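Participant: Sequence first, predicted coordinates after that:
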Amino acid sequence: MPYDRAYEITTAALNPDPLAYQPGPARAVMLPGEIPPGVQLVTLPGGQRTLAYVQPPAHTPPPAPAASQPVPAWAKTTALLAPTVGFGIAAGGIGLSYAAPGLIAMSHALWAAGAFLVAAVIGVPALIGGARRRGTGPTQITQNVTATGLFSRANGTINHH
């Protein structure tokens, strides 16, 4: 929607007196501590002095590099231990791969030794008991069992002669 009113642009003439912008003795003077950051007292090309925001120079020097900080001791220790631990694990894996056939044979030998011990624990007393019985002569066993009916309880005795 266009505006119907036209505004007249006016310009004010510059004051030829360069000291007109300076505070007069009757006005309060701004202390340097009251000036906000980035504002400076500047002299314009016409000789007038005023407060203004100043742009930084076009070619600012690059900021100084930050001072390097020393590496913490725990980081050095970790960095030195990481490859050592990795190589140790790798060496252990290679050693196990070479030792696997021997470990399998050893496990078979341990199972055989266990079976031999079980057989010895069971077999040796049986052999000793058999040898004792042979030395005394033949043994006669007599068994007497009695029952009074078809589904009755049976009673019996065993005699060694």
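Facilitator: Great, that's in hand.
Participant: May I have the distance across stretch 37-55, first residue to last?
Facilitator: 12 Å (C-alpha to C-alpha, to the nearest Å).
Participant: packing partners for the helix or strand harbouring M106?
Facilitator: Assigned by DSSP states H and E, M106 belongs to helix 73-136. When contacts are defined as 3 or more C-beta pairs under 8 Å, 6 or more residues apart in numbering; DSSP states H and E, helix 73-136 packs onto no helix or strand at all. Yep, even glycine has a C-beta here, placed from its N, CA and C like the rest.
Participant: And the residue nearest the centre of this structure?
Facilitator: By C-alpha atoms, centre = their mean, the mean C-alpha position of the chain lies nearest to T78, the distance being 13.1 Å.
Participant: wait, what's in contact with I104?
Facilitator: Neighbour list for I104: empty [criterion: C-beta atoms under 8 Å, 6 or more residues apart in numbering].
Participant: I'd like the numbering to begin with 39 instead of 1 from here.
Facilitator: Happy to do that; since the first residue is 39 now, the last one works out to I142.
Participant: low pLDDT regions in this protein?
Facilitator: 39-67, 94-95, 169-176 (pLDDT under 70).
Participant: at 50 what do you get?
Facilitator: Within the chain, the ranges that satisfy pLDDT under 50 run 64.
Participant: mind pulling up the phi and psi values for R87?
Facilitator: With angles defined as degrees, to the nearest 10, R87 sits at phi -110, psi 130.
Participant: List the beta-bridge partners for it.
Facilitator: T81 (DSSP bridges).
Participant: neighbours around it, how many?
Facilitator: 13 (other C-beta atoms under 10 Å).
Participant: do the same with A90
Facilitator: 13.
Participant: A strand includes it, no?
Facilitator: Yes: assessed with DSSP: H, G, I helix; E, B strand; the rest coil, A90 lies in a strand.
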